[in-house]
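Visitor: the sequence and its predicted three-dimensional model are supplied below.
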Amino acid sequence: LEILTSESIKECKYDSFKKCIIYGDHSTYFVISIIPSKIENNHTNEYTIKTTLRYEVKGEIKTFTKEFDRISPPQSYKSWLGRNPYTNFGKRVEDSNMFFGRESTIDRIYSTLCPASNNNIPDSSIQYWLYGQKRCGKSSVLYHLSQKLNNNDRAFCVEMSFLNVTSESQCYYKILDAINIKLSNIREEAELGLIDENPSDIPDFALPEEFSNDTFALDINKFKHLLIEFKRSLRKSSSVKWRNKELVVLIDEFSSVYNAIKSPKNSIHSGFIKNWRELQELSETRFATVMICQDIMYSLMKEHGNVNDFAIYNPERLTYLEDKYANLLITKPIIDISGNENFFHKDAVKQILYYTANSAYYTVIFCKTLLEYADNYRLSTITKEDVDRVAFQVVNSEIIKKDKFDALLLAGESDIVSRYSKNTVRGIVDQIARMELSSGECFIDKIHYLNPDTKQDDVEYRDGILSDLEERSVIRKNGKKCSINIKLYTLWIKTQL
């Protein structure tokens, strides 16, 4: 590789890669040290390097011309250390300044739970399922929904997680315990004068001492009895406000119930779903519910569709952000903190979205690394070429490990509950990635799945996996072709070759 001409380079050092050999399906980065011959006198210190490169392929000499945008580092630079807004990736987003594009989802769920036609009174018959890929932002939506419900005087909203539940009793306990804790907290704040509430108005409900932890056997009948007691305590309150409240239960990680049902121990029996439905059929025990689930719950709904266990639910799938909100997630926090509206140059933001496909999770990971890269090179403006370099840093760093892509490969938490095993799906997705890397496109008929029993290609099984991947937004089909949406994964596969 040799730089033949350059209109804007005064001095260039690149001897280290003149003799480099690159094999098929492989690539490498070349770092060129340059001194520009002229920098335009403008506020951005922007200049363009125009180069013609000469290289050899199988004895044939070829040339390639390209322009590279570059921005001179400013004389004064303020580090992002300690003010990087993207450091809390993978956690529930409670900061409204980092929460984008889910307002319409929250408004839709809220209006379903608390219809305006009923004066925003929670409808106890409503059961809402929000499902989607792991790490797509479902828990964050639940948090912001709870904040909105807490501002509704007609709603008594409690929030809990069913993560790692191993028994039906634990599920019932978590709901009652959340009710008990919220009442206790309100009572304490009222007694301390922290809120405008008369302590005597607060419903007199508490869990019996034997229910001091979730190890106590709490069956469906005991749960119904205690739930009715709580509802009666509301109606007996001396305050009209409390008497008019309706219970709304927000449950994160409801998929853990399915995990326990499908586990070898069968720690939660399959009849739990039927019991849950019966709770909602009785006016004395039913309550409005929003349940957060992974994609696997869609399988459960179809599996039980013929017994009407899921007829009462309103399902909605949460997917990647719309373009304008993914763009805001990248640009707004940086501009708000730095005041630098020129941080992203030309197509830099578009290139980030190329790698992350509007996934909030991968976008935050990318932007965290991007600001660390900016600090390393003291850059106040990021170009498309910088984004490409950061993409390689992301997939080669500790921040991206194999499990970080499990959300793409598994519909549930493990092979036990997912429709297809992780290794089987990985084999299909890797084939797509490799074909995209080698030829820029993947034809579906070139993807193979070898049936372990017949030792032959199983086209029907392969097509089932591809349909599942498309349904979960991992790939997109276009006629006879398909491609991976999140190019970070494709790039990660490239590093494994």
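Guide: Cool, the structure landed.

Visitor: tell me which helix or strand the closest residue to residue 81 other than its chain neighbours sits in.
Guide: Distances taken as C-beta to C-beta, 6 or more residues apart in numbering place residue 375 nearest to residue 81, at 6.4 Å, with adjacent residues excluded. All C-beta spots, glycine's among them, are computed from the backbone N, C-alpha and C. Secondary-structure element containing residue 375, defined by DSSP states H and E: helix 360-377.

Visitor: list the buried residues in that helix.
Guide: 360-374 (16 or more other C-beta atoms under 10 Å).

Visitor: residues contacting residue 242?
Guide: By C-beta atoms under 8 Å, 6 or more residues apart in numbering, the residues touching residue 242 are 201, 202, 203, 234.

Visitor: can you tell me how far the last one is from residue 108?
Guide: Between residue 234 and residue 108 the distance is 27 Å, computed by C-beta to C-beta, to the nearest Å.

Visitor: then the second one?
Guide: To residue 108, residue 202 is 32 Å away according to C-beta to C-beta.

Visitor: which one of these two has more residues nearby?
Guide: Per other C-beta atoms under 10 Å, whichever of residue 202 and residue 108 has more neighbours is residue 202, with 21 against 13.

Visitor: so what pLDDT did that one get?
Guide: On the pLDDT scale, residue 202 is placed at 94.

Visitor: got the phi and psi for it?
Guide: phi -70, psi 130 (degrees, to the nearest 10).

Visitor: quick check: closest non-adjacent residue to it.
Guide: Excluding the flanking residues, the one nearest residue 202 by C-beta to C-beta, 6+ apart is residue 187, at 4.9 Å.

Visitor: list the buried residues for the one helix or strand the one you found maps to?
Guide: If you go by DSSP H and E, residue 187 is part of helix 168-191. Neighbour-count burial for helix 168-191, counted by 16+ other C-beta under 10 Å, picks out 168-180, 183, 186-187, 190.

Visitor: quick one: contacts of it?
Guide: If you take C-beta under 8 Å, 6+ apart as the criterion, helix 168-191 is touched by 156, 158-162, 165, 195, 197-199, 202-203, 205-207, 211, 214, 216-220, 222-223, 226-227, 230, 247, 249, 251, 257, 268-269, 272, 275.

Visitor: which of the residues you listed are buried?
Guide: Neighbour-count burial (16+ other C-beta under 10 Å) applied to the contacts of helix 168-191 gives 156, 158-162, 165, 197, 202-203, 205, 207, 211, 214, 218, 220, 222-223, 226-227, 230, 247, 249, 251, 257, 268, 272, 275.

Visitor: distance between the helix or strand where residue 231 lies and the chain's centre?
Guide: If you go by DSSP H and E, residue 231 is part of helix 220-235. Relative to the centre of its chain, helix 220-235 is centred 36 Å away, using C-alpha atoms, centre = their mean, to the nearest Å.

Visitor: average pLDDT across the helix or strand following that helix?
Guide: Helices and strands here follow DSSP H and E; after helix 220-235, the next one along the chain is helix 240-243. Per-residue pLDDT over helix 240-243 has a mean of 94.

Visitor: for helix 240-243, list the C-alpha coordinates in CSV.
Guide: Backbone C-alpha positions of helix 240-243 (Å, rounded to 0.1, in the frame of the first residue of the first chain) are rendered in CSV as follows:
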residue,chain,number,x,y,z
VAL,A,240,-62.7,9.7,50.1
LYS,A,241,-59.4,9.8,48.2
TRP,A,242,-58.4,6.5,49.6
ARG,A,243,-61.8,4.9,49.2
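
Visitor: and it, what's buried?
Guide: Neighbour counts over helix 240-243 (16+ other C-beta under 10 Å) mark residue 242 as buried.

Visitor: please apply the same query to stretch 455-470.
Guide: Of the residues in stretch 455-470, 458, 462, 465, 466, 468, 469 count as buried by neighbour count, 16+ other C-beta under 10 Å.

Visitor: from residue 203, how far out is residue 233?
Guide: For residue 233, the distance to residue 203 - C-beta to C-beta - is 4 Å.

Visitor: cool, residue 404 as well?
Guide: In this view, residue 404 and residue 203 are 45 Å apart by C-beta to C-beta.

Visitor: repeat for residue 253
Guide: As defined by C-beta to C-beta, residue 253 lies at a distance of 28 Å from residue 203.

Visitor: cool, and residue 467?
Guide: 50 Å.

Visitor: pretty sure the residue nearest to residue 81 is touching residue 82, no?
Guide: No: judged on C-beta atoms under 8 Å, residue 375 makes no contact with residue 82 at a distance of 10.7 Å.

Visitor: any regions of the stretch 251-400 of the chain where pLDDT drops low?
Guide: Low-confidence segments of the stretch 251-400 of the chain (pLDDT under 70): 298-312.

Visitor: in it, which spans are strands?
Guide: In the stretch 251-400 of the chain, the segments counted as strands under DSSP state E, counting those that start in this stretch are 288-294, 313-318.

Visitor: mean neighbour count, the ones you listed: which tops it?
Guide: strand 288-294 (a mean of 25; mean count of other C-beta atoms under 10 Å).

Visitor: so that strand versus strand 313-318, what angle?
Guide: 40 degrees (axes from the mean of the first three to the mean of the last three C-alpha atoms, to 10 degrees).

Visitor: how far is strand 288-294 from where the chain is centred?
Guide: 16 Å.

Visitor: adjacent strands (with direction) for that strand?
Guide: strand 127-132 (parallel), strand 246-252 (parallel) (DSSP bridges).

Visitor: how big is the angle separating it from helix 168-191?
Guide: 120 degrees.

Visitor: residues in contact with strand 288-294?
Guide: 109, 113, 122-134, 138-139, 141-142, 145, 246-255, 258, 280, 411-413.

Visitor: cool, stretch 481-495 as well?
Guide: Against stretch 481-495 from outside (C-beta under 8 Å, 6+ apart): 27, 320, 354-357, 359, 362, 366, 391-392, 394-396, 400, 405, 408, 429-430, 432-434, 436-437, 441-444, 447, 466, 470, 473-476.

Visitor: state the mean pLDDT of that stretch.
Guide: Mean pLDDT, stretch 481-495: 92.

Visitor: list the buried ones in that stretch?
Guide: By neighbour count on 16+ other C-beta under 10 Å, the buried set for stretch 481-495 is 481-494.

Visitor: what is the end-to-end distance of it?
Guide: 24 Å (C-alpha to C-alpha, to the nearest Å).

Visitor: roughly how far is it from the heart of the chain?
Guide: Using C-alpha atoms, centre = their mean, the offset of stretch 481-495 from its chain centre is 17 Å.

Visitor: find the nearest non-adjacent residue to the residue most central in space within the chain, please.
Guide: Residue closest to the average C-alpha location in the chain (C-alpha atoms, centre = their mean): residue 136, at 1.9 Å. Leaving aside its sequence neighbours, residue 136 sits nearest to residue 318 (C-beta to C-beta, 6+ apart; 5.4 Å).

Visitor: for the stretch 251-400 of the chain, which segments count as helices?
Guide: According to DSSP state H, counting those that start in this stretch, the stretch 251-400 of the chain carries its helices in the segments 255-262, 271-281, 296-303, 323-338, 348-356, 360-377, 384-395.
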